[in-house]
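Q: Could you work out the structure for the sequence below:
(one chain, ligands or ions: 2)
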Amino acid sequence: MERMRGDEPVLEIAGLSKTYGGRAGVRAVQDVSLTVGAGEVYGFLGANGAGKSTTIRMLLGLITPSSGAIRLFGRDLRHGQPLGKVGSLVDGGAFYPFLSGRRNLEVLAKTQGSDRGRIEPLLAQVGLERDARRKVKGYSTGMRQRLGVAAALLNDPDLVILDEPANGLDAAGIQEMRALIRSLAEERGKTVFLSSHLLNEVQQLCDRVAIIDRGVLIRESTVDELLQEEATLRIVATPLETARAVLSADWPCEIAGTALRVTAAQADAPEILRRLVAARIEVFSLAPQRRTLEEAFLAITQTETGDA
Ligand SMILES: Nc1ncnc2c1ncn2[C@@H]1O[C@H](COP(=O)(O)OP(=O)(O)O)[C@@H](O)[C@H]1O
Ligand SMILES: [Mg+2]
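A: Residues are numbered from 1 along each chain as shown. Ligands and ions are numbered 1, 2, ... in the order given. Sure, this is the predicted structure:
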């Protein structure tokens, strides 16, 4: 018998591939492997057409993988339903257009056997209480998206899978969505797997990210690791020219205004400081400049695929 252990990953994907339309078809996902632990907010990042929705549809059992394995709560998806509850939002959710937002949730609660008492607090949580009586037909994309999140949470899932939850939301809506997703993980201990093509979104929200590019997973790491690699150190020192001369043999340097910008791993900072001090250079400050994930993302996709 399979049992769920506390330290077991909530989601494991191994060698997952999907080709649409036979052997000569579109290779939408190729040999993707990743692991998501309990309580993590995990970002699945990639440009449009990268293969995010295809992967998510496979996780939800909506389409069949061409090859590879998916384990949810320790059980292979091919061997039956997951042992924990999964809630999901794909394609902005499917709703009856002529029913109100609240009525849609009531119908869903009935079909999946969820507690109706969860509906009002969820409507409030996603900021739809004022519009809950309106027909979904008249909803904006952002309102549908929020109703979709409420629907995903209706069965009180342990794992929440959200395909592009920020889609169609304005800046304020994105802020609210972000707060909501964080609260799911922090206050309720849920595991969240979300996809996005918005780098900034993932950077602010997620603990770890996987980057998918044209169907291929090119990185999996913590957001912090990604940002710290090849950090730029900004050094204010005098004389600046001498500082450059001392460091430039080992690290790329350029003078930018009153500072020296050095491309180096953050782990090199102590050595850099020692060398400057040994050369009797006066150092006023030495600070890492975090790259945005956007810069890291571009650097990775360009070096690993060559032609971007
Ligand atoms: N049902 C389908 N039939 C054929 N090709 C598809 C289908 N769905 C997606 N694709 C193709 O698979 C690739 C990945 O698409 P998708 O998973 O939707 O990417 P993303 O969600 O990252 O934008 C794209 O080239 C897309 O055109
Ligand atoms: Mg998609």
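Q: Show me what counts as buried in stretch 256-265.
A: 259, 260, 261, 262, 264 (16 or more other C-beta atoms under 10 Å). The C-beta positions use only the backbone N, C-alpha and C, and glycine is treated the same way.
Q: could you pick out which of those are near ligand 2?
A: Intersecting those with the contacts of ligand 2 gives an empty set (criterion: C-beta under 5 Å from the ion).
Q: Please flag which of those residues sit within helices.
A: Among the buried residues of stretch 256-265, no member is found in helices (DSSP state H).
Q: For the residue in the stretch 1-150 of the chain that ligand 2 sits nearest to, give its distance to ligand 1.
A: Relative to ligand 2, the nearest point of the stretch 1-150 of the chain is residue 53 (3.2 Å; C-beta to the ion). In this structure, residue 53 and ligand 1 are 3 Å apart, going by C-beta to the nearest ligand atom, to the nearest Å.
Q: pLDDT of the helix or strand hosting that residue, averaged?
A: Per DSSP states H and E: residue 53 is located in helix 52-59. Across helix 52-59, pLDDT averages out at 96.
Q: Buried residues in the following helix or strand past it, which are they?
A: As assigned by DSSP H and E, the chain's next helix or strand after helix 52-59 is strand 67-72. Neighbour-count burial for strand 67-72 flags 68, 70, 71, 72 (criterion: 16+ other C-beta under 10 Å).
Q: ok, the next helix or strand after strand 67-72: who's next to it in the sheet?
A: Following strand 67-72 in sequence order, the next helix or strand is strand 75-76 (DSSP H and E). Looking at strand 75-76 with DSSP bridges, its partner strands are strand 67-72 (antiparallel).
Q: Which residues lie in contact with the nearest residue to residue 158 once chain neighbours are set aside in this structure?
A: Spatial nearest neighbour of residue 158, chain neighbours left out: residue 84 (4.0 Å); criterion: C-beta to C-beta, 6 or more residues apart in numbering. By C-beta atoms under 8 Å, 6 or more residues apart in numbering, residue 84 lies in contact with 4, 10, 72, 73, 157, 158, 159.
Q: pLDDT weak spots in this protein?
A: 1-7, 228-230, 290-297, 299-308 (pLDDT under 70).
Q: Show me where it has its strands.
A: For the chain, the strands defined by DSSP state E occupy 11-20, 26-36, 41-45, 67-72, 75-76, 86-89, 159-163, 191-196, 208-213, 216-222, 232-238, 253-256, 259-263, 282-289.
Q: Redo those as CSV? Include distance to residue 145.
A: Below are these laid out as CSV (distance: least, C-beta to C-beta, whole Å):
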stretch, distance to residue 145
strand 11-20, 22
strand 26-36, 22
strand 41-45, 17
strand 67-72, 24
strand 75-76, 30
strand 86-89, 8
strand 159-163, 9
strand 191-196, 12
strand 208-213, 21
strand 216-222, 26
strand 232-238, 36
strand 253-256, 41
strand 259-263, 40
strand 282-289, 34
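Q: Show me which residues of the stretch 1-150 of the chain are close to ligand 1?
A: Residues of the stretch 1-150 of the chain found near ligand 1 (C-beta under 6 Å from any ligand atom) are 20, 21, 26, 28, 46, 48, 49, 50, 51, 52, 53, 54.
Q: quick one on the thing from earlier: got the contact list for the helix holding residue 53?
A: So helix 52-59 is contacted by 11, 13, 16, 18, 20, 28-29, 32, 44, 46, 63-65, 70, 72, 77, 88, 90-91, 161, 163-164, 193, 195, 197, 212 (C-beta under 8 Å, 6+ apart).
Q: swap in stretch 27-35?
A: Under C-beta under 8 Å, 6+ apart, the answer for stretch 27-35 is 9, 11-20, 42, 51, 54-55, 58, 68, 210, 212, 215-217, 220.
Q: What's the PyMOL syntax to select whichever of these are buried?
A: Of the contacts of stretch 27-35, the buried ones can be selected in PyMOL as follows, counting by 16+ other C-beta under 10 Å:
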select buried, resi 9+11+12+13+16+17+18+19+42+51+54+55+58+68+210+212+215+216+217+220
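Q: Residue nearest the middle of this protein, spatially speaking?
A: residue 43 (1.4 Å; C-alpha atoms, centre = their mean).
Q: check contacts around that residue.
A: With contacts defined as C-beta under 8 Å, 6+ apart, the neighbours of residue 43 are 194, 195, 196, 201, 202, 205, 206, 208, 209, 210, 223.
Q: Got a quick PyMOL command for the buried subset of the contacts of residue 84?
A: What follows is the PyMOL syntax for the buried subset of the contacts of residue 84, where burial is set by 16+ other C-beta under 10 Å:
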select buried, resi 10+72+73+157+158+159
